[in-house]
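Enquirer: The sequence and its predicted three-dimensional model are supplied below.
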Amino acid sequence: MSSAIATTRFSVLDRSRVREGRPPGEALRETVGFAREAEALGYHRFWVSEHHGVPGVAGSAPTVLAAAVAGATRAIRVGTGGVMLPNHRPLVVAEQFGVLESLFPGRIDMGLGRSVGFTTGVRRALGRDKGAAEDFAAQVEELLGWFSGTSTTGVHARPAEGLAVPPFVLAMGEGAGIAARAGLPMVIGDLRDRDRLRRGIDGYRARFRPSPWAAEPYVVVSGTVAVAENPEAARRILVPEAWSTAYARTRGTFPPLRPAEDIERLSMTHRERELYEAALTGHITGTEEQVADELETLLKETGADEVLVTTSTHDRGALLDSYRRLAGLVRRSRTAR
């Protein structure tokens, strides 16, 4: 087993994906149950995401869901991947994470993204426009100021002020540069374009400025990892998410996950088939041995400190089995050191 795998942290991001014919509440309850499983398997963190008005994603309030996850687990770190800061006032975000850290001390992470609502209607409902993302660096600075007590407004963020909640920047677009200049850990996910991934990481490390939050660069690479008894079974784990992606690209809305066997019987247009096949590529999939080799290559190429696994599928049993197999190969790698 790989020494790179042995020295790397592995974590989970769950998007609370809705399955066809089932209510969103079930997806949220499954996220909480999944977090217990991830903790038992030894994963380092369990993060939840923020999406608004998306039929296929139930996770719209990440700090609320993080509280439920933290309350249902005992030791695993819990956080957001992430709170989309342009959608919120930094003071309110600081207060929410201050409450979380106060309730679950030493376990809370603050993952921050710069995306705004996916559609014009969602952005209007949130009271934001596309330009809100341009202020992300200033929003991050303001948010961190509420924790450090450096705000010049005369207002104090209670109970956030004085607490140390680790911040992470989701490196979409300009995010890597913002993370570097602010001296914050970075989460980057672009496994399909390894050259672009390496350039983003190299640029982040080169421009990193030490801060009270991080003395040196810290890179989390995120992406889909599917592990099964054979390559075909691993590939089928990817099918529901790949079809949802193709559907969204052609119809403008991200749907609930459908069973793989239903999707494989679909008659797709040329454009749908093209997008679907593209969405199946660029991931880390296969048997334990194949995945271990691919992870070893990824870690050597990037020098990543951590891998954040973001796999989704309709078959919850296959999903949990994949995460169990991945955790097993990590354990074996560490034992073999």
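Expert: Structure's in. What do you need?
Enquirer: Ends of stretch 213-229, what's the gap?
Expert: End-to-end distance for stretch 213-229: 41 Å, by Cα to Cα, to the nearest Å.
Enquirer: Without its sequence neighbours, what residue ends up closest to Leu280?
Expert: Excluding its sequence neighbours, the residue lying closest to Leu280 (Cβ to Cβ, 6 or more residues apart in numbering) is Ala242, at 4.7 Å. C-beta coordinates here come from the backbone N, C-alpha and C atoms, glycine included.
Enquirer: Quickly find the element holding that neighbour.
Expert: In this structure, Ala242 is located in helix 231-251 according to DSSP states H and E.
Enquirer: Tell me the helix or strand right after that helix.
Expert: helix 260-264.
Enquirer: Okay, buried residues for that following helix please.
Expert: 260, 263 (16 or more other Cβ atoms under 10 Å).
Enquirer: tell me what it is packed against?
Expert: Counting contacts by 3 or more Cβ pairs under 8 Å, 6 or more residues apart in numbering; DSSP states H and E, helix 260-264 packs against helix 231-251.
Enquirer: so Arg123 sits in a strand?
Expert: No: judged by DSSP: H, G, I helix; E, B strand; the rest coil, Arg123 forms no part of a strand; its state is helix.
Enquirer: Number of residues surrounding it?
Expert: Neighbouring residues of Arg123 were enumerated by other Cβ atoms under 10 Å; the total is 19.
Enquirer: State the distance from it to Val64.
Expert: From Arg123 across to Val64, the span is 21 Å (Cβ to Cβ, to the nearest Å).
Enquirer: before we move on, the earlier item: now the helix holding Ala242 - C-alpha only, PDB.
Expert: Backbone C-alpha positions of helix 231-251 (Å, rounded to 0.1, in the frame of the first residue of the first chain) are rendered in PDB as follows:
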ATOM      1  CA  PRO A 231     -14.500  -1.800 -12.400                       C
ATOM      2  CA  GLU A 232     -18.000  -2.100 -14.000                       C
ATOM      3  CA  ALA A 233     -19.700  -2.000 -10.600                       C
ATOM      4  CA  ALA A 234     -17.600   1.000  -9.700                       C
ATOM      5  CA  ARG A 235     -18.600   2.700 -12.900                       C
ATOM      6  CA  ARG A 236     -22.300   2.100 -12.300                       C
ATOM      7  CA  ILE A 237     -22.000   4.100  -9.000                       C
ATOM      8  CA  LEU A 238     -21.200   7.100 -11.200                       C
ATOM      9  CA  VAL A 239     -24.200   6.700 -13.500                       C
ATOM     10  CA  PRO A 240     -27.000   8.500 -11.600                       C
ATOM     11  CA  GLU A 241     -24.900  11.600 -10.900                       C
ATOM     12  CA  ALA A 242     -23.600  11.700 -14.500                       C
ATOM     13  CA  TRP A 243     -27.100  11.600 -15.800                       C
ATOM     14  CA  SER A 244     -28.200  14.400 -13.400                       C
ATOM     15  CA  THR A 245     -25.300  16.500 -14.700                       C
ATOM     16  CA  ALA A 246     -26.300  15.900 -18.300                       C
ATOM     17  CA  TYR A 247     -29.900  16.600 -17.500                       C
ATOM     18  CA  ALA A 248     -29.000  19.900 -15.800                       C
ATOM     19  CA  ARG A 249     -26.800  21.000 -18.700                       C
ATOM     20  CA  THR A 250     -29.700  20.400 -21.200                       C
ATOM     21  CA  ARG A 251     -32.700  21.400 -19.200                       C
END
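Enquirer: Regarding Leu11, what is its secondary structure?
Expert: No Leu there; residue 11 is Ser. strand.
Enquirer: Beta-bridge partners for it, please?
Expert: Ser11 forms beta bridges with Leu308, as assigned by DSSP bridges.
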